[in-house]
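Undergrad: fold the following for me, if possible:
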Amino acid sequence: MRQPAVFFGHGSPMNALGGPYGTAWRDLGEAIGKPEGVVMISAHWETRGLGVTAQEKPETIHDFGNFPRELHEMQYPAPGSPELAARVAELTGAVQTQQWGLDHGTWSVLHHVWPDADVPVVQLSLNRELTARQHYELGKALRPLRDEGVVIAGSGDFVHNLRTWKREAGAEPYAWATGFNEAVKAAFERGDHEALIDWVGLAEDAQLSVPTDEHFLPVLYVAAQQAPGEPVSFFNDRIDGGSISMTGVRVG
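TA: Take a look at the predicted model:
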């Protein structure tokens, strides 16, 4: 069965503990069912060269600080898949490695999507030597996996500006953040991947929404899965703290 591709706006690690975003992620998992595996591209694994996790039991990585003890003690014991890692390496040229695991961009979301931790997960790194277009083309190389029962997933944020983030609850989004978020959604809806690749020109003040690109690049891997005319839908469509987008997108 052909599987969807999904981008998760993961926001704060605290979302791992629950709340409305977690509820939407769980609903998504119930709608998808249990795939053969997941290939996740997370904003939080940046490398020189391309790597894919290949261990049978990947570590839960707590790559953050100054959060509650409960969060630091959370584990997501999903299995890895050396076989899926080898297939990803075959398609992309990635080096198989056991020097990474599941970072919070992955497990804080999948903890809700598949709470039984029974779906194999491998991570593909963000190769910082690539251009945006090369990231997109690399995403296209993963397309066959969807027909092999594998979900292609990205985890980051359409809009991610921590410097302008407002702590107060219910803070109104900045106009530039809303404008960029809506422009990304519109590009997905019309299948305009060129606009996503050239994200700097996507909306006014785009670089306020994407001051550094590691949280946006996973978007391109999911966009690359969208065939002409393939429908998209959005979930968790809101902006936290004025400048952190939680919007997710499902392709197919």
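Undergrad: okay, buried residues for stretch 160-174 please.
TA: Neighbour-count burial for stretch 160-174 flags 160, 161, 164, 173, 174 (criterion: 16 or more other Cβ atoms under 10 Å). From N, CA and C alone the C-beta is placed, and that goes for glycine too.
Undergrad: so what's the nearest residue to the fourth one once chain neighbours are set aside up against?
TA: With Cβ to Cβ, 6 or more residues apart in numbering as the measure, residue 239 is the residue that lies nearest to residue 173, at 3.9 Å, once sequence neighbours are left out. Residues in contact with residue 239, defined by Cβ atoms under 8 Å, 6 or more residues apart in numbering, are 159, 173, 177, 178, 181, 245, 246, 247.
Undergrad: so how far is the helix or strand of the chain with the lowest mean pLDDT off the chain centroid?
TA: The helix or strand of the chain with the poorest confidence is helix 69-72; it has a mean of 94 (mean pLDDT, DSSP states H and E). Helix 69-72 sits 22 Å away from the centroid of its parent chain (Cα atoms, centre = their mean, to the nearest Å).
Undergrad: tell me the buried residues in it?
TA: residue 71.
Undergrad: contacts for that helix?
TA: Residues contacting helix 69-72 (Cβ under 8 Å, 6+ apart): 13, 14, 16, 17, 62, 64.
Undergrad: next SSE after that helix?
TA: Per DSSP states H and E, the first helix or strand lying C-terminal to helix 69-72 is helix 82-92.
Undergrad: name the residues of that next one that are buried.
TA: Applying 16+ other Cβ under 10 Å to helix 82-92 flags 82, 84, 85, 87, 88, 89, 91, 92 as buried.
Undergrad: and which of the residues you listed is nearest residue 110?
TA: residue 84 (14.7 Å; Cβ to Cβ).
Undergrad: the residue nearest to that closest one when sequence neighbours are not counted: neighbour count?
TA: Nearest residue to residue 84 in three dimensions, chain neighbours excluded: residue 37, at 4.7 Å (Cβ to Cβ, 6+ apart). Residue 37 has 24 neighbours, counted by other Cβ atoms under 10 Å.
Undergrad: please renumber the chain so that the first residue is 8 from this point on.
TA: Taking 8 as the first residue, the last one we looked at is residue 44.
Undergrad: show the backbone phi and psi for residue 44.
TA: Torsion angles at residue 44 (phi, psi; degrees, to the nearest 10) stand at phi 180, psi 180.
Undergrad: do me a favour and get the end-to-end distance for stretch 36-54?
TA: In stretch 36-54, first residue to last residue: 29 Å (Cα to Cα, to the nearest Å).
Undergrad: returning to that earlier point: show the buried residues in the contacts of helix 76-79.
TA: 20, 23, 69.
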